[in-house]
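[1] okay, predicted coordinates and the sequence, questions at the end:
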Amino acid sequence: MFKPTPNPPEADQASSRTKPKAKKHDEATNRVLDYYLLPKSEDASQPGQLFTVAKNADNECLLANLSETLAAADAMVSNLAFDLEGSRRHIALGIQQLIELSSLLANRVLDNVEPR
C-alpha cells in the first residue's frame, strides 16, 4: 500500500546546535518554576514577623549593634525631653536613664567578650 506522506523524523535527529540551547532553556525554566512554585524553606520568616537576626551572628557583633541602637534611642529621647515640659519631660528623662543604663550594661558585656 502506498503512503502519501513520509514518516516524521525521529526525536534524536535534532541538530547538535539546538541541543545545548534547549538544555539551557530547560534549566532556566526549571530554576524559575522552582523559585516561584516550590515551598519556601523553614528559615523563612513567620507571618507578621518583620525583623530577624542572623543566626550566624556572633555575640560581639550582636552586642555592638545593641550598643549602637541604644545610643541612637538615647539621643532621640534626649532631644525629645528638652522639647517637653512638666511631667511629660520627667517621663522622657526617666526613659532616657533606662536607655543609658542599658547601654552601660551592654558596653560592659562588650568589654568582657573576648574577640575571636
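    Structure's in. What do you need?

[2] how near is residue 26 to residue 99?
    Distance of residue 26 to residue 99, given as CB to CB, to the nearest Å: 57 Å. (C-beta placed from N, C-alpha, C; glycine too.)

[3] which one's more surrounded, those two?
    residue 99 (20 against 10; other CB atoms under 10 Å).

[4] what strand or helix carries that one?
    Secondary structure assignment for residue 99, by DSSP states H and E: helix 87-112.

[5] buried ones in that helix?
    For helix 87-112, the neighbour count (16 or more other CB atoms under 10 Å) marks 92-93, 95-96, 99-100, 102-103, 106-107 as buried.

[6] show me how far that helix is from its chain's centre.
    Remark: helix 87-112 is offset 28 Å from the chain centroid, using CA atoms, centre = their mean, to the nearest Å.

[7] when you give positions from now on, start the count at 9
    Right, with 9 as the first residue, what we last looked at is helix 95-120.

[8] which residue is nearest the middle of the chain?
    residue 60 (6.8 Å; CA atoms, centre = their mean).

[9] what secondary structure does that one sit in?
    coil (DSSP: H, G, I helix; E, B strand; the rest coil).

[10] quick check on it: phi, psi?
    phi -130, psi 160 (degrees, to the nearest 10).

[11] and residue 77, what helix or strand is that in?
    helix 67-89.

[12] and the angle for that helix with helix 95-120?
    160 degrees (axes from the mean of the first three to the mean of the last three CA atoms, to 10 degrees).

[13] quick one: buried residues of helix 67-89?
    For helix 67-89, the neighbour count (16+ other CB under 10 Å) marks 70-71, 74-75, 78, 81-82, 85, 89 as buried.

[14] what would the residues you listed look like in JSON lines with distance to residue 16?
    Below are those laid out as JSON lines (distance: CB to CB, whole Å):
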{"residue": "70", "distance to residue 16": "66"}
{"residue": "71", "distance to residue 16": "71"}
{"residue": "74", "distance to residue 16": "70"}
{"residue": "75", "distance to residue 16": "73"}
{"residue": "78", "distance to residue 16": "74"}
{"residue": "81", "distance to residue 16": "74"}
{"residue": "82", "distance to residue 16": "78"}
{"residue": "85", "distance to residue 16": "79"}
{"residue": "89", "distance to residue 16": "84"}
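
[15] fine by me, thanks again.
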